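> Give the three-dimensional model of this entry:
(chains A and B)
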Amino acid sequence: MYRAEPVDIAVLKERAHDYRDQVERRLSGAMSEDHFKPLRLMNGLYLQLHAYMLRVAVPFGCYSAAQLRVLATISRRYDRHYAHVTTRQNFQFNWLKLSDTPEILDLLADYGLHAIQTSGSCVRAITVDPHAGFGRHEVGDPRWIAESIRRWTSLHPEFTFLPRKFKIAITGDETDRSAFRLHDLGIQLVKKDGEVGARIFAGGGMGRGPAIGLEVVAFSPIRDVLGWVEAILRVYNLAGRRDHLYKSRIKVLVASLGADAFRAEVHQAFADAGESRPVLSDAEYAATAAAFSRPDFAPDAAHDPAPALNPIQAHWAKRMAIAHVAPGYTGVMISLKRPGGIPGDIDADQMDGLADLAEQFSFGELRNTKEQNILLPHVRLRDLPALYDGLEPLGLTATNSGLASDIVSCPGMDYCNLASARSIPLSQVLSERLDRLGLDDELGPLSIKISGCVNACAHHHVADIGILGVDKTDTDYHQILLGGASDANASLARTISKALTTDQTADAVERVLRRYLQVRTDSEESFAACVRRLGLTPFKEAVDAAG
Amino acid sequence: MRSFGVEGAFLFKGASLMKIISGNLLDEGTPVWWTGVAWSSDIRLAAQIDPKAAESLEKELAGTHGQRVVSLEVVPLKAGGLMPRRQVIRQLGPTVRPDLGPLFDARMGQAA
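Reported below is the predicted structural model:
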């Protein structure tokens, strides 16, 4: 768990103080909206369909029980008694008043939380593999390098006003759960000759014109990672387009320069920095790593008897427990995807209850995932029955992590100014249908992601079944895409349907799922592997088979 | 799914060419619509504006009312004079949580 130092809190308090002054000047009329808007965006405050929306940064998706409780307090005091987990591991509040936001930011600052750089043309909150620090096959903890980059990029004067937003994802594992290839800058920690270093990608992105990133550096020692980040940012900052909103991401720059030329520019920028290049010294890196406390795992946990789970609990544990590097411990996924529910929403009572359980069973630690779920990283296996009993009254025992009903959905037109269609109603129809049909276990791991527009906030481009909302005659329509992946087999999903209504889409998705069950070689062949083997044709036929 | 048909004064011949102006209250963020004389949180009172005049009116309102209403937008009505559903959602609240829109405000008002 990251331990904020007094200087961290002081910076946040000072920032909240500045922001309070800005809001007061805006409300008094001393500052115009044109001047104020960029300032509020730099503090993560958007104005959406219904009210102000605040995006609270959760660095690397990691937070404490105490932080979750203050978020619950904010939701009750200033919002409408719930919060939303985003696909970038952050929290969002959707119903705020402008005049309350200084108080909110001040309160967040007391707990080491903030909304800095969750909006605007800057380096955004860095996302990380949610198994960081406990995954069994981790080469290195991605949070340490993420925190090093976060410290260096936060409020960095050269990179405060980039051509557009800049998103970074980092994994420490060969099994990528961060989608690092699909980010503006992605890092995978790897080993070479016994040394842990970074493999660095750039130019990936979802949204308009999705792109899989380009490997820019095959192996960088840790000490040079900041130098490479600077080089990539510098090339982008200087050459990225600022004249066209939809052509300003780094992926467009990479495409226009070409892979070799872009890579050469970055390497030249790295070399040109010379002695001014930032270097992450061993001491500094060690100090950053030390800022992350390691739980005091019980040494005798390895000898615990197997937990006494009843059949329902056993089924839940089989799906939701995650292999842990510490003997006798497990990570536990908490799904926010009940049938008919709103993906990623968690109410204030659930937040408080989950905070209590995290304190009791997970050393007070929690993580948000990009699938809009929450993870308890360090649960002693013997505590699984008690944890389940604690989750049940909170309604947090949905047993579908990584399965078809674990649907990712953006807020869509129910909340978002940018959306072309509503996403949540389709997710509700699908999750209820999957629950009724009982297909989850039979289908096995399968991702369905629903975006309400081309901005692709639900990452539909890299889903097994991606769904894109389109506006047709001011009615919800959706296109189905298939075959996306963000892991080592990274691929962009391809469209296999024309625009369909919500009900037509749900029917078509069901036919696609049933077709998969018919054509897969056996239950071990995943949906993704099946699509790679057979191509899109059998599934397109299923979509088109509507009477 | 809920129906968002809008009745009465909105439906008149030739309304498909008309526009409305929407915004958000500066502090509360509440969606509002220009009625012709004031801003209202009741979409039924939104004035239909000649498209030739809409852009200049929006600029004028941004200048004169910018301290109270922000994020002004000129919104075309649909064919037949119907209200675009995005605006109806702004009025009624999220379709998936109708309890969070004006119903929530009404409950809070009652509680107060």
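> distance of the spatially most central residue of chain B from chain A?
Within chain B, one residue has its C-alpha closest to the average C-alpha position: by Cα atoms, centre = their mean, that is B:W33, at 3.8 Å. Distance check for B:W33 against chain A: by Cβ to the nearest Cβ, to the nearest Å, it reads 13 Å. In this view, the C-beta of every residue, glycine as well, is placed from N, C-alpha and C.
> Over to that residue. Which of the three states is it?
Secondary structure for B:W33, judged by DSSP: H, G, I helix; E, B strand; the rest coil, is strand.
> what are the bridge partners for it, then?
Judged by DSSP bridges, the bridge partners of B:W33 are B:S22, B:S40.
> so it touches B:Q48, yeah?
No. Using Cβ atoms under 8 Å, B:W33 is not in contact with B:Q48, being 10.6 Å away.
> which residues does the closest residue to chain B within the stretch 351-500 of chain A contact?
Closest to chain B within the stretch 351-500 of chain A is A:D414: 3.8 Å, counting by Cβ to the nearest Cβ. Residues in contact with A:D414, defined by Cβ atoms under 8 Å, 6 or more residues apart in numbering or on different chains, are A:49, A:422-425, B:89, B:94-97.
> Same check on A:V254?
A:202-203, A:211, A:214, A:262.
> from these, which is closest to chain B?
The shortest approach to chain B among the contacts of A:V254 belongs to A:A211, at 29.5 Å (Cβ to the nearest Cβ).
> That closest one against A:G203, yeah?
Yes. Counting by Cβ under 8 Å, A:G203 is a contact partner of A:A211 at 6.1 Å.
> Looking at those two, which one has more neighbours?
Per other Cβ atoms under 10 Å in any protein chain shown, whichever of A:A211 and A:G203 has more neighbours is A:G203, with 29 against 21.
> Residue numbers of chain B in contact with chain A?
B:1, B:24, B:26-31, B:66-67, B:70-71, B:78, B:84-86, B:89-90, B:93-97, B:100-101, B:104 (Cβ under 8 Å from any Cβ of the partner chain).
> Point out where the chain drops to low pLDDT.
In the absence of a named chain, chain A is used. A:547 (pLDDT under 70).
> The intended chain is chain B.
B:1-16, B:110-112.
> Do you have the helices of it handy? List them.
Using DSSP state H, the helices of chain B run over residues B:51-65, B:85-92, B:102-111.
> okay, these, which one's buried deepest?
Of all those, helix B:85-92 carries the top mean neighbour count, a mean of 21, counting by mean count of other Cβ atoms under 10 Å in any protein chain shown.
> Packing partners of it?
Helix B:85-92 sits against strand B:19-25, strand B:31-34, with contacts defined as 3 or more Cβ pairs under 8 Å, 6 or more residues apart in numbering or on different chains; DSSP states H and E.
> Taking strand B:19-25 as reference, get the angle to that helix.
Compare the direction of helix B:85-92 with that of strand B:19-25 by axes from the mean of the first three to the mean of the last three Cα atoms, to 10 degrees and you get 40 degrees.
> Restricting to C-alpha, output helix B:85-92 in PDB.
What follows is helix B:85-92, C-alpha atoms only, in PDB (Å, rounded to 0.1, in the frame of the first residue of the first chain):
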ATOM      1  CA  ARG B  85     -33.700  12.300 -26.500                       C
ATOM      2  CA  ARG B  86     -30.400  13.600 -25.100                       C
ATOM      3  CA  GLN B  87     -32.300  16.600 -24.000                       C
ATOM      4  CA  VAL B  88     -35.100  14.500 -22.500                       C
ATOM      5  CA  ILE B  89     -32.500  12.500 -20.600                       C
ATOM      6  CA  ARG B  90     -31.100  15.800 -19.300                       C
ATOM      7  CA  GLN B  91     -34.600  16.700 -18.100                       C
ATOM      8  CA  LEU B  92     -35.600  13.400 -16.600                       C
END
